[in-house]
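**Q** Got a predicted model here, sequence first, then my questions.
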Amino acid sequence: MDKRLFTNCKGFDWDAGNAEKNWEKHKVSQLECEQAFFNRPLLVEEDKKHAEIEPRWYLLGQTDKERKLFIVFTIRRNLVRVISARDQNAKERALHEKQIKRNT
C-alpha cells in the first residue's frame, strides 16, 4: 500500500444506499467500517478488477472488538467512501493473520 493514500483524507463520505446495504446484508455498521481504517494491522490493496469508473481499493482490517472486515472503498474529494463491507472470508482472514504476524 502506498502510505500516501490517506494523507489528504479528511473523513468519510457515506452513501445512504451503501450504508443501508452493508447493514441489511452483512450487519456491518458505519462505525465499524470507520474503526477498521484506524486499527492496525491494516492491509490495503488496489482493486484493479473493479476500478472501471474510478480507482478502488480493498481493505482487510478489524474493528475495536476485533471483528475482521473486508471493505471496498474509493476516495472522492479527500473523503473515504465505503462501497461495501462484510466479514472476511477464510482466505482473507489468512492474509490478515499473516499481516498481523509480520507486524509482531
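**A** Looks like it arrived, so ask away. Numbering: from 1, shown residues only.
**Q** okay, now residue 48: neighbour count?
**A** 10 (other Cβ atoms under 10 Å). Every C-beta, even on glycine, is put in place using the N, C-alpha and C of the backbone.
**Q** And stretch 64-75, how far out from the chain middle?
**A** Centroid separation between stretch 64-75 and its chain, computed with Cα atoms, centre = their mean, to the nearest Å, is 4 Å.
**Q** pLDDT weak spots in the protein?
**A** Along the chain, the parts satisfying pLDDT under 70 run over 1-3, 104.
**Q** So which bits of stretch 91-104 are buried?
**A** Under the neighbour-count criterion of 16 or more other Cβ atoms under 10 Å, stretch 91-104 has 92, 96, 99 buried.
**Q** Count the neighbours of residue 55 for me.
**A** Residue 55 has 11 neighbouring residues, counting by other Cβ under 10 Å.
**Q** From residue 97, how far out is it?
**A** Using Cβ to Cβ, to the nearest Å, we find residue 55 at a distance of 27 Å from residue 97.
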